[in-house]
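Chemist: Here is the input, now give the coordinates:
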Amino acid sequence: MTQRLMELLLFVALASAWGLMHASAGWAVAGALAGALLWSLLDGLRARRLLKWLATADTSQTPKLRGMWAELYVRSQKVLKNLERKIQSSDARLANFLAAIQASPNGVILLDADGRIEWVNLTAAHQLGFDQQKDVGQYIQNLVRSPIFKTYISGGDFSTEIQIGGIGARPSVPSKISVQIHPYGHKRKLMLTRDVTAVELADTMRRDFVANVSHEIRTPLTVLSGFVETLQHIPVTETDRNIYLGMMSQQAQRMQMLVSDLLTLSRLEGSPAPGPGDWIDTDELMAPAVEETRALSTVIAQPPHEITQVAETAFSISGNKSELHSAMSNLLSNAVRYTPAGGSIRTGWHLRPDGWAEFFVEDSGPGIAAEHLPRLTERFYRVDRSRSRETGGTGLGLAIVKHVAQRHGGQFNVTSKTGQGSTFSIALPPSRVRENIPS
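Modeler: Sure, this is the predicted structure:
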C-alpha cells in the first residue's frame, strides 16, 4: 500500500513540476491532477490484467504487474495452486473409489431423484443387460421390466431385497439376480445387484439331494420293516423264512452301498487333491477291478458277460490307489449292470498320442440318448431307474468317477449312441504318467 502511495505522489509531483516549468502555478495544479489521472489509468490497467488472469486462472501465464497488484497476483497464485492440488487429490480419490466399485463383484447403480441412471458399473450392466454409456440418463423402470421390480420401486419399501430373472434366463438355464435399493441424499437411490444363481442352484441341489437320499433309503427300509413285521407276527415255513431273510439281506446291502458311496463322495469333496505320490502299475490296478467285475457279472447276469482286458505297453500312474480303484470299479460295475446278459465288455489302460493315459470301459449295451449325456454325473441321476434299482445301483457311481478324475487333474468322458453301446473313460495328464522301464 505504501508503494502505491509513493507511486501516486511521484506521478503528481512530476506532473506538477512539469506545469511549473512550462507555465504558472495554475498549470502546476492542473499537472498534478493530470498526473493523478494518469496514475489511476495505469493502476486500473494493472487491476484489469489481474482480473483477466483470475478469470482464466491459468497458472502458466504471468501477467505484468507491479506493487500491490503483483502481491495480490502472487498470493492468488498460491491459493489457486493449493486449490488445484486439492482438486487433483479429490479427483484421484474419486477415480480410485469408482475403480473399486467398478471391480466389485456386485452391481452398483446410482439413480437420481427421478429414477434415472446417473452411473452404473460393469457388473450391474452385465447382470441387467445395460449399456454402460448409452443407458446413462434412462429411467430404470424402462430398462428393468420385471413386474416384481416395478412393484418394488414404486412401493417405496426397500427394507428387503427382491429377486428377478437375469438376462437370458430360461427354465433349463435359470438365472437369478438379487436387487436392493438404499435411499440416500435428496431422493437419490443406490441400487445394489447380486448374482445369486449359484446360491439358488446350490440350495436346489441340497433339497434334491436330501429328497433323493430319503427316497433311496426309504425303499429298502420299507422292504425290511415289512419282512420284519411278517416274521414277527405271521408263522412262516423255513423255506419262506430263508427267502425273506435273503431279501432283507439284499436290501441291507443296498443301504450299506448307498452309505458307503455317500461317505466316499464326502471324503473326496472334503480332502486335498492327491499330490505326486507313489507310482502304481496299471496292470496292478486292473487285476482286482476286472476280477470283481467278473464276480459281479456271474451274480446278476446269466449267462455272464464276456469281459476282455485289453493289454498294451505297461506303464505306471501317479495318484491315490484307492480312489483310482474306486473309479475303475464304478465304471466296470455300471457296464455290467446296464449291459444285457451275455454282452461284451472291453476294458484297459492305454497311452494316447498326446501323452495322456486313458482308462476305458466299452460295452455292447443299449447306449444312451444324447439328451442324457450332460447329466450322467449328477447325483442320483439315472437313465433307466428301474434297471438300476433291479441291479443294485445307487446313482452315485459316475459322480464319484468324475470327482476322482478332477482330483487327479484329469477328465471324465462319455461317448454313446442309442443301440450301439457306450464308452466311458478317465484320462490322466502326462505329469501323472510314466512308462515302465524293463528290468
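Chemist: so how far is Gly342 from Ile97?
Modeler: Actually, residue 97 is Phe rather than Ile. Distance check for Phe97 against Gly342: by C-beta to C-beta, to the nearest Å, it reads 72 Å. In short, each C-beta sits where N, CA and C put it, glycine included.
Chemist: for Asp195, what are its contacts?
Modeler: By C-beta atoms under 8 Å, 6 or more residues apart in numbering, the contact set of Asp195 is Gln127, Gly166, Ser175, Lys176, Ile177, Ser178.
Chemist: So for Phe97 and Gly342, which residue has more residues nearby?
Modeler: Gly342 (13 against 10; other C-beta atoms under 10 Å).
Chemist: my read: the more buried one touches Ile307, true?
Modeler: No. Applying C-beta atoms under 8 Å as the test, Gly342 and Ile307 come out as separate, 11.5 Å apart.
Chemist: end to end, how far does stretch 295-311 reach?
Modeler: Using C-alpha to C-alpha, to the nearest Å, the end-to-end distance of stretch 295-311 comes out at 20 Å.
Chemist: which residues sit against it?
Modeler: Taking C-beta under 8 Å, 6+ apart as the rule, stretch 295-311 contacts 283, 286, 290, 293-294, 333, 335-337, 339-348, 350, 391-392.
Chemist: Just the ones of those residues in strands?
Modeler: Those of these mapping onto strands are Ser344, Ile345, Arg346, Thr347, Gly348, His350, per DSSP state E.
Chemist: Helix or strand: which one has Val383?
Modeler: Assigned by DSSP states H and E, Val383 falls within no helix or strand.
Chemist: again, but for Thr264
Modeler: In this assignment (DSSP H and E), Thr264 forms part of helix 238-270.
Chemist: quick one: average confidence on that helix?
Modeler: Taken as a whole, helix 238-270 carries a mean pLDDT of 82.
Chemist: Remind me what that helix packs against, helices and strands.
Modeler: Counting contacts by 3 or more C-beta pairs under 8 Å, 6 or more residues apart in numbering; DSSP states H and E, helix 238-270 is packed against helix 197-233, helix 397-407.
Chemist: Would you single out the least confident of the ones you listed?
Modeler: Ranked by mean pLDDT, those bottom out at helix 197-233, with a mean of 79.
Chemist: between that helix and helix 238-270, how many degrees?
Modeler: Helix 197-233 and helix 238-270 meet at an angle of 160 degrees, taking axes from the mean of the first three to the mean of the last three C-alpha atoms, to 10 degrees as the criterion.
Chemist: follow-up on the earlier one: select from the contacts of Asp195 every entry located in helices.
Modeler: In this view, those that belong to helices under DSSP state H are Gln127.
Chemist: which two in the contacts of Asp195 are spaced the farthest apart?
Modeler: Taking C-beta to C-beta, the two most distant members of the contacts of Asp195 are Ser175 and Ser178; they sit 11.5 Å apart.
Chemist: Which stretches in the protein count as helices?
Modeler: Here the chain has its helices, by DSSP H, at 2-22, 25-56, 67-102, 122-128, 140-143, 147-155, 197-233, 238-270, 282-300, 321-338, 385-390, 397-407.
Chemist: for the record, mean pLDDT for the first one?
Modeler: Read it as helix 2-22. Per-residue scores along helix 2-22 average to 58.
Chemist: Then the fourth one?
Modeler: Mean per-residue pLDDT for helix 122-128: 89.
Chemist: Tell me the buried residues in that helix?
Modeler: Judged by neighbour count (16 or more other C-beta atoms under 10 Å), helix 122-128 contains these buried residues: Thr123, Ala124, Ala125, Gln127, Leu128.
Chemist: and of these, the nearest to Leu398?
Modeler: Once C-beta to C-beta is applied, the member of those that ends up nearest Leu398 is Gln127, at 33.3 Å.
Chemist: got any ranges where the stretch 251-400 of the chain has weak pLDDT?
Modeler: 277, 384-394 (pLDDT under 70).
Chemist: go with 50
Modeler: Applying pLDDT under 50 to the stretch 251-400 of the chain picks out residues 387-388.
Chemist: before we move on, the earlier item: which one of the buried residues of helix 122-128 sits closest to Ser416?
Modeler: Using C-beta to C-beta, the buried residues of helix 122-128 come closest to Ser416 at Gln127, 37.0 Å.
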